[in-house]
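Undergrad: sharing a model prediction with you, sequence too.
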Amino acid sequence: MKIRVCDDSEDLSAICVEKIRAVVPGADVKRMDNAIAEVSKLLKRKAAAELDQDPPAGSTEFDQVDVLVIDFDLLHLDHDGSRTTGEGVARLARGYSDCGVVVVMNQFKVADFDLGMRGHLESHADLNISADRVGERALWEELQPQEGTFDPTTWTPVPTLLAAAKRLAANFRDGTMAAHIMPLLGLTAEALGEISDTAFGFLSQNAETVEDLTALTVEDFLKEKFDEKALANLERHSPHYLFRFAAFRLIKWMERAVLRPMNVLIDTSHLIDRMPFIIADERAMGDAVHWVAAAADPQRLLRWELLEKYHNAVASEVIGRDVFDWHRMIGDETFDTLQDEFIEKGAERFYLAEDTSRFVAANRLVRFRADFHNFGDRRAIENLEHLVSYGPKRRLQFG
């Protein structure tokens, strides 16, 4: 895996490179020393596309990068002394190259763990983090949740995200620009009827009905993201940039705006948190480690005979982990009956900690309210305040 750190400070870049190498052994991790020239190439590509000219010859290092890590506070990156932020470089790399996952550091300086849990859909970075967190193992690999380890449920490991985006971009390419997006994301008209206004508007400012969204094509989506001349030019000369752009942006949308609110899709950990009775082995209900294991292996350790018909295989491929159609599950009275029986038994249960991905007892948790304005807003953290910052703190007052 080729990882490049893009920062105008050699000292800060060296620190980031060292942190990443420590947790991604064998990866090709370096500072992008020629960043000024490489960004200039992207700017030339953009200008040529917007003027509908032939693209400039030659490649850029961004085309070969699997993971680009950028400091938001880039200063005087261009030769003429103009200021280009990390977000600006992220937008250029995403739209005008074959760059893989883009991580922007220090753009949103609120806290390590955002208690609102919305993420930053408007950013062209695939992940927005503090530079202090770039060396977290959970950012780079799938971990077995451990006590005292920051492993937020809101992170998808970078290699998983990269593989998912490549798959989706290939699906878009196979279907051409005229491909309808929603079937390739695993979303039906019924599911789209449950998404928020924010989620709706990100896909299209012109769509007014669920039917409009259902008919949305890859080209329709891109028309609202690119200048008209630039889009036509890229379609002719570099359609692979467009398919990759659409894949990464739509995966971020799926994860932030569709999965996290949990009124359309739900992942396995949150499903167990809501419905602990789906754990197959009742004898293991008192073992929190087994709950974590069940989340990682749902077909073997959960009551798969009840869940299989709600498993959304297409959306799972897009997001990079197993997800289920919550909007269909809530209409199944079987789960209501099982919930009543579980409550009557008074069985021991645990709760999901959003900051560690562990299941722990209620008395070890701190409750907070997320920012989705639905019945799933009440969440919990273990509160690793000696290691992690949390904010906005007011959300702890409404848990």
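TA: On my side now, so go ahead. Predicted model, so just to flag it, every value in this text is computed and none were measured.
Undergrad: for the longest helix along the chain, what is the average pLDDT?
TA: Scanning the chain for the longest helix, with DSSP state H as the assignment, gives helix 158-175. For helix 158-175, the mean pLDDT works out to 95.
Undergrad: residues contacting it, please?
TA: Residues from elsewhere that reach helix 158-175, judged by Cβ atoms under 8 Å, 6 or more residues apart in numbering: 1, 66-67, 100-101, 103, 126-127, 139-142, 156, 179, 184, 218, 239-240, 243-244, 246-248, 250-251, 317-321. For glycine as for every other residue, the C-beta is placed from the backbone atoms N, C-alpha and C.
Undergrad: buried residues in the following helix or strand past that helix?
TA: With elements assigned by DSSP states H and E, the helix or strand that comes after helix 158-175 is helix 181-185. For helix 181-185, a neighbour-count test (16 or more other Cβ atoms under 10 Å) marks 181, 182, 184, 185 as buried.
Undergrad: please name the nearest non-neighbouring residue to the first one.
TA: The spatial neighbour of residue 181 that comes closest, neighbours along the chain excluded (Cβ to Cβ, 6 or more residues apart in numbering), is residue 216 at 5.2 Å.
Undergrad: which residues touch the one you found?
TA: Residue 216 neighbours (Cβ under 8 Å, 6+ apart): 180, 181, 182, 203, 204, 207.
Undergrad: spit out the contact partners of the closest residue to the last one other than its chain neighbours.
TA: Right, the one you point to is residue 207. Excluding the flanking residues, the one nearest residue 207 by Cβ to Cβ, 6+ apart is residue 213, at 5.1 Å. For residue 213, the contacting residues are 182, 192, 200, 203, 204, 207, by Cβ under 8 Å, 6+ apart.
Undergrad: let's see 10 Å
TA: Neighbour list for residue 213: 181-182, 187, 189, 192-193, 195, 199-200, 203-204, 207, 220 [criterion: Cβ atoms under 10 Å, 6 or more residues apart in numbering].
Undergrad: so of those residues, which ones are in helices?
TA: Per DSSP H, helices hold the following members of those: 181, 182, 189, 192, 199, 200, 203, 220.
Undergrad: among the residues you listed, which one lies nearest to residue 132?
TA: residue 199 (30.2 Å; Cβ to Cβ).
Undergrad: unless I'm mixing things up, the closest one is touching residue 261, no?
TA: Yes: contact criterion Cβ atoms under 10 Å: residue 199 and residue 261 qualify, at 8.1 Å.
Undergrad: sorry, back to before: can you read off the pLDDT for the residue nearest to residue 181?
TA: For residue 216, the pLDDT comes out at 97.
Undergrad: any idea how far it is from residue 15?
TA: Counting by Cβ to Cβ, to the nearest Å, the gap from residue 216 to residue 15 is 43 Å.
Undergrad: got the contact list for the residue lying closest to residue 252 once chain neighbours are set aside?
TA: In this structure, residue 252 finds its nearest non-sequential neighbour in residue 126, 6.0 Å apart by Cβ to Cβ, 6+ apart. Neighbour list for residue 126: 67-68, 90, 94, 100-104, 156, 158, 161-162, 165, 248-249, 251-252, 255 [criterion: Cβ under 10 Å, 6+ apart].
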